[in-house]
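>>> Provided below are the primary sequence and the corresponding predicted coordinates.
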Amino acid sequence: MGPGLLDRSRIVAPPGWNRWLIPPAALSVHLAIGQAYAWSVFKPPLEETLSLSGTQSALPFQLAIVMLGLSAAFGGTLVERKGPRWAMFVSSVCFSTGFLISALGVMTEQFWLIVLGYGFVGGIGLGIGYISPVSTLIKWFPDRPGMATGIAIMGFGGGALIASPWSSEMLSAFGTDTGGIATTMALHGAGYAVFMSLGVWLVRVPAPDWRPAGWKPPVAVAGRMVTTGQVSARNAIRTPQFWCLWVVLCCNVTAGIGILEKAAPMIQDFFADTGATVTATAAAGFVALLSLANMVGRIVWSSTSDLVGRKNIYRFYLGAGALLYLTLALAGNASRPLFIVAALLLLSFYGGGFATIPAYLKDLFGTYQVGAIHGRLLTAWSVAGVLGPLIVNAIADSQEEAGRTGPDLYVLSFTTMIALLVVGFIANELVRPVDVKHHEPPPGGEGAGRDAAQMTEPVTEPVTEPEAGQVTEQEGTAQR
């Protein structure tokens with residue numbers, strides 16, 4: 001593939017292009033990189049084969065999430081400029097290569113190669129691939145941004161629904177020794193490279209003057225959370241709104257990822273001393289169910305946010321999430337169905353938070369550099385990717401050393417998650433409309449050249465109509 005084929009200019013959609021072809025392109029990438037959520041299937045065989053602790057076996061996953069946030073932050077503006085095809089191609093190369101390096105690490109019993117391959121190289125593929133379709137979808141669906149980003153990011157949440165049983169079956173077929181694990185990882189790398197190439201070829205960007213049939217740009221109304229202004233990525237990080245959302249995302253992600261990263265061993269530990277013990281196969285099925293909840297939550301809750309407003313939906317994620325964690329801490333192993341239902345709801349909120357955040361950013365900062373702003377915000381995911389697994393694994397390891405078993409391994413970490421969700425709830429309440437001083441000047445106006453070097457395209461994209469759920473929010477009136 002020559003470099004010219006990856007240029008943004010080569011993928012401008014011709015008149016009459018069906019915008020509903022773009023979500024499948026995004027899904028082909030997100031379903032692949034969403035394998036990260038099935039990492040817990042690899043944890044037990046790696047721990048047994050390489051004599052690792054639970055905290056050590058989480059390192060590749062943790063570094064992958066750190067690199068996801070960092071590569072999205074530093075590469076966000078580049079992705080906007082070069083376009084989604086370039087980004088998807090880079091993601092495919094890095095993610096697949098990461099698996100191949102990890103396979104080599106298992107074969108040679110060099111754990112640092114697994115961390116380097118899956119965590120560092122593969123993590124770059126995660127970050128570039130994650131943000132690659134977001135701003136493109138918002139531009140194709142300005143009338144339904146929550147639904148559009150939910151469709152794309154749904155794939156990332158659902159990746160483990162495919163990867164978890166696939167990985168489990170391959171490990172059963174090839175074995176859980178070094179040769180079997182390495183073969184499984186190598187086949188993952190090759191398979192995902194082929195699958196992701198579908199999105200590379202299919203993706204398109206809309207022409208600058210394209211608009212959905214019958215849709216009209218909104219009229220600015222003072223005091224509403226949905227802006228009609230445009231804010232650059234450089235200015236966005238100078239606003240309190242950006243940092244409030246950073247805290248919101250970090251807390252919501254930490255609360256979800258702590259369960260997800262340790263899902264398979266967690267459910268086995270919870271019910272190990274009861275008559276309802278959970279086998280390794282059943283635990284893998286639980287991981288797949290969590291992936292399904294994660295995936296469904298992304299499209300259902302983000303689409304709901306188009307109706308009730310972004311601030312209201314985050315109130316729901318964070319408030320209900322804290323109550324669910326409290327339920328898990330108090331109920332212990334009294335009921336396996338209750339544990340499963342609560343975990344599924346928590347993961348649906350986790351996924352919904354990811355899918356809703358791009359539309360929340362669009363509401364506050366406009367569409368001008370929303371992809372780059374989203375990339376910078378994902379540094380919150382990097383922090384949460386370390387914090388969540390660290391809280392759950394480190395506390396579980398320390399409790400096990402103290403002789404505790406079952407739910408007692410996790411009560412303290414669940415209490416910590418409740419506190420974090422309360423912090424996130426407060427941060428969400430502090431979000432107000434962005435002050436107009438941060439807006440870009442209109443084209444041709446005074447100072448129109450400001451930040452020109454950072455512009456990825458002309459400021460011609462409109463934003464969506466204000467959402468019904470946010471019309472009554474007047475908190476920002478005093479800020480205007």
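Great, that's in hand.
>>> A helix includes residue 367, no?
No: per DSSP: H, G, I helix; E, B strand; the rest coil, residue 367 lies outside any helix segment and is coil.
>>> how close does it sit to residue 138?
Distance, residue 367 to residue 138, using C-beta to C-beta, to the nearest Å: 6 Å. No exception for glycine: its C-beta is placed from N, CA and C like everyone else's.
>>> Comparing those two, which shows the higher neighbour count?
Remark: of residue 367 and residue 138, residue 138 carries more neighbours, 26 against 21, as counted by other C-beta atoms under 10 Å.
>>> nearest spatial neighbour of that one, skipping sequence neighbours?
residue 145 (5.1 Å; C-beta to C-beta, 6 or more residues apart in numbering).
>>> got the end-to-end distance for stretch 9-24?
End-to-end distance of stretch 9-24: 21 Å, with C-alpha to C-alpha, to the nearest Å as the criterion.
>>> Quick one: residues contacting residue 12.
For residue 12, the contact set (C-beta atoms under 8 Å, 6 or more residues apart in numbering) comprises 204-207.
>>> PyMOL command for the buried members of those?
Buried subset of the contacts of residue 12, written as a PyMOL selection, criterion 16 or more other C-beta atoms under 10 Å:
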select buried, resi 204+205+206
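>>> between the contacts of residue 12, which is nearest residue 436?
Taking C-beta to C-beta as the measure, residue 436 sits nearest to residue 206 out of those, at 27.5 Å.
>>> Thought residue 139 was touching that closest one, still the case?
Yes: the pair residue 206 / residue 139 is scored as a contact, 5.5 Å apart, by C-beta atoms under 8 Å.
>>> and the residue nearest to residue 138, how many neighbours does it have?
So residue 145, with other C-beta under 10 Å, has 30 neighbours.
>>> thought it was touching residue 139?
No: under the criterion of C-beta under 8 Å, residue 145 is not in contact with residue 139, lying 9.5 Å apart.
>>> shared neighbours of those two, anything?
Here residue 145 and residue 139 share no contacting residue, scored by C-beta under 8 Å, 6+ apart.
>>> Which residues belonging to stretch 9-19 are considered buried?
Within stretch 9-19, the residues scored as buried using 16+ other C-beta under 10 Å are 11, 13, 17, 19.
>>> mind showing which ranges of this structure have poor pLDDT?
Low-confidence segments of the chain (pLDDT under 70): 1-3, 217-228, 442-480.
>>> in it, which residue is closest to the centre?
residue 354 (4.9 Å; C-alpha atoms, centre = their mean).
>>> What sits closest to it if chain neighbours are left out?
Per C-beta to C-beta, 6+ apart, closest to residue 354 is residue 153, 5.4 Å.
>>> My understanding was that that neighbour contacts residue 356; is that so?
No: here residue 153 does not reach residue 356: they are 9.1 Å apart, not a contact under C-beta under 8 Å.
>>> Overlap in contacts, those two.
residue 302.
>>> Spit out the contact partners of residue 427.
244-245, 247-248, 251.
>>> do that again at 10 Å, thanks
Residue 427 makes contact with 240, 243-251, 314, 318, according to C-beta atoms under 10 Å, 6 or more residues apart in numbering.
>>> Residue 321 now?
251-252, 255-256, 342, 345-346, 348-350, 353, 417-418, 420-422, 424-425.
>>> Please indicate which of these are buried?
In the contacts of residue 321, the ones that pass as buried (16+ other C-beta under 10 Å) are 251-252, 255-256, 342, 345-346, 348-350, 353, 417-418, 420-421, 424-425.
>>> Next step: the contacts of residue 427 restricted to strands.
Using DSSP state E, no member of those falls in strands.
>>> Selection in PyMOL covering whichever of those residues are buried, please.
To isolate the buried members of the contacts of residue 427 in PyMOL, using 16+ other C-beta under 10 Å:
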select buried, resi 244+245+246+247+248+249+250+251+314+318
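>>> and the contacts of residue 427 as TSV, adding distance to residue 211?
Below are the contacts of residue 427 laid out as TSV (distance: C-beta to C-beta, whole Å):
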residue	distance to residue 211
240	33
243	33
244	32
245	28
246	32
247	35
248	31
249	30
250	36
251	37
314	29
318	35
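>>> So which of the contacts of residue 427 are in helices?
240, 243-251, 314, 318 (DSSP state H).
>>> Would you quantify the distance from residue 97 to residue 122?
Distance from residue 97 to residue 122, by C-beta to C-beta: 8 Å.
>>> Name the residues contacting each of these two.
Both residue 97 and residue 122 are in contact with residue 189, where contact means C-beta under 10 Å, 6+ apart.
>>> More neighbours: which of these two?
residue 122 (30 against 17).
>>> so who does the more buried one touch?
33, 35-36, 60, 63-64, 67-68, 91, 94-102, 116, 189, 192.
>>> Skipping its backbone neighbours, what lies nearest it in space?
residue 98 is the one closest to residue 122 (C-beta to C-beta, 6+ apart), at 2.5 Å.
>>> What segments of the stretch 51-200 of the chain are helices?
With DSSP state H, counting those that start in this stretch as the criterion, the stretch 51-200 of the chain has helices at 54-57, 59-82, 84-107, 111-114, 122-131, 134-140, 145-174, 178-202.
>>> So what's the gap between the third one and the chain middle?
This points to helix 84-107. 18 Å (C-alpha atoms, centre = their mean, to the nearest Å).
>>> What of stretch 241-248?
The answer for stretch 241-248 is 16 Å, by C-alpha atoms, centre = their mean.
>>> Same check on stretch 105-117?
Counting by C-alpha atoms, centre = their mean, stretch 105-117 comes out at 26 Å from the chain centroid.
>>> Could I get the buried residue list for that stretch?
Quick answer for stretch 105-117 (16+ other C-beta under 10 Å): 105-107, 111, 113-117.
>>> Please apply the same query to stretch 314-330.
So for stretch 314-330, counting by 16+ other C-beta under 10 Å, buried means 314, 317-319, 321-322, 324-329.
>>> No more questions from me, cheers.
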